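Peer 1: Give me a model of this one.
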Amino acid sequence: MKIIKKVLIVALIALIGIQFWRPEKNQSGYETLAAFEADTKPTDKVTAILKTNCYDCHSNQTSYPWYAQVAPISLWLDDHIRHGKGDFNMSDWASYSVKKKDHKLDELIEEVEEGHMPLDSYTWIHGTLSDEDKSVLISWAREARKPFRAQLATQELPQ
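Peer 2: Numbering: from 1, shown residues only. Prediction:
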């Protein structure tokens, strides 16, 4: 019993200690999404879906819930955000090539169709995308890809 008590005390001290280590917040403002939204022209419904389900991990604008202040949850969320932005950061849209923009929209379609996005760990708390929301998002992404596909087709024509 003494070993269990010592382990619990060490665990409690560690839990208290990690509360002082705070990851940097991912909040550089909504204006960082202007290029993405100007290029892809989301409808109000699509913007609402993106804001509710995508922007937290795939942009420089995360809306943090209250529990993000508590370690180790704060560290876990930070890892999710870093990973999400590493795969696709809508705030960096202006720096993407036409080919990369097309590819990222194609990946978005694929990930939503296959149910990989949003992540299960996100939907446990925030809820899943309805079938209607998935359909709206996929239709929008397919339309948003068309200008990039056209640009790529003209770039591939022999000179």
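
Peer 1: Name the residues that touch the worst-scoring helix or strand of the chain on mean pLDDT?
Peer 2: Lowest by mean pLDDT, DSSP states H and E among the helices and strands of the chain is helix 120-126, with a mean of 72. Contact with helix 120-126 is made by 52-53, 56-57, 65, 80, 118, 129, as judged by Cβ atoms under 8 Å, 6 or more residues apart in numbering. For every residue, glycine as well, the C-beta is placed using N, CA and C.

Peer 1: mind checking how far residue 93 is from residue 78?
Peer 2: 22 Å (Cβ to Cβ, to the nearest Å).

Peer 1: whoops, I mixed them up, residue 52
Peer 2: Remark: distance between residue 52 and residue 78 (Cβ to Cβ) = 20 Å.

Peer 1: Between the two, which is the more surrounded one?
Peer 2: residue 78 (18 against 15; other Cβ atoms under 10 Å).

Peer 1: coming back round to it: include secondary structure and distance to residue 142 when you put the contacts of helix 120-126 into TSV, please.
Peer 2: Below are those laid out as TSV (DSSP: H, G, I helix; E, B strand; the rest coil; distance: Cβ to Cβ, whole Å):
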residue	secondary structure	distance to residue 142
52	helix	20
53	helix	18
56	helix	24
57	helix	22
65	coil	32
80	helix	27
118	coil	19
129	coil	16
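
Peer 1: out of the residues you listed, which are buried?
Peer 2: 53, 56-57, 80, 118, 129 (16 or more other Cβ atoms under 10 Å).

Peer 1: for those, which one is nearest residue 40?
Peer 2: When those are compared for distance to residue 40 (Cβ to Cβ), residue 53 wins out at 15.4 Å.
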